[in-house]
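K.L.:
the sequence isn't on hand, but the structure is:
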């Protein structure tokens with residue numbers, strides 16, 4: 001994996017935060033769009049930084065799967081993530097990335113790190 005962006009946590013020591021939820025989204029983009037996808041992701045990352053439930057965010061490019069990225073994020077709670085996911089900020093953020101995603105649907109998994 002190549003880490004493209006890693007944002008600092010709001011918590012002083014995120015390893016001690018109870019109930020932190022990590023979300024991992026695997027997405028495949030159209031060939032030849034990697035540079036633009038990465039640029040747009042980094043530009044729109046500020047959309048997520050202001051959410052009080054957002055702790056960390058990473059954009060990872062697979063070293064073994066062509067045109068595959070993993071978007072990983074840590075949240076204060078599942079409820080905080082779900083509220084963000086249902087909100088207008090998420091809809092606008094995702095809409096900026098959709099043009100780069102191929103017909104392969106993104107897959108998401110979530111787990112707690114408490």
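P.N.:
Thanks, I have the structure now. Values in this document were obtained by computation on a predicted structure and should not be read as measured data. Numbers count the residues shown, from 1 in each chain.
K.L.:
retrieve the pLDDT associated with residue 19.
P.N.:
Per-residue pLDDT puts residue 19 at 72.
K.L.:
please apply the same query to residue 35.
P.N.:
Here the pLDDT value assigned to residue 35 is 95.
K.L.:
residues near it, how many?
P.N.:
8 (other C-beta atoms under 10 Å). Using the backbone N, CA and C atoms, a C-beta is placed for each residue, glycine as well.
K.L.:
counting contacts, what elements does the helix or strand harbouring it pack onto?
P.N.:
Per DSSP states H and E, residue 35 falls inside helix 34-49. If contacts are counted by 3 or more C-beta pairs under 8 Å, 6 or more residues apart in numbering; DSSP states H and E, helix 34-49 sits against strand 2-6, strand 54-61, strand 68-75, helix 88-97.
K.L.:
okay, these in a markdown table with mean pLDDT next?
P.N.:
Listed next are the helices and strands packed on helix 34-49 as a markdown table, based on pLDDT from 0 to 100:
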| stretch | mean pLDDT |
| --- | --- |
| strand 2-6 | 49 |
| strand 54-61 | 92 |
| strand 68-75 | 91 |
| helix 88-97 | 91 |
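K.L.:
wait, which of the ones you listed is closest to residue 38?
P.N.:
Among the helices and strands packed on helix 34-49, strand 2-6 comes nearest to residue 38, with 5.6 Å by C-beta to C-beta.
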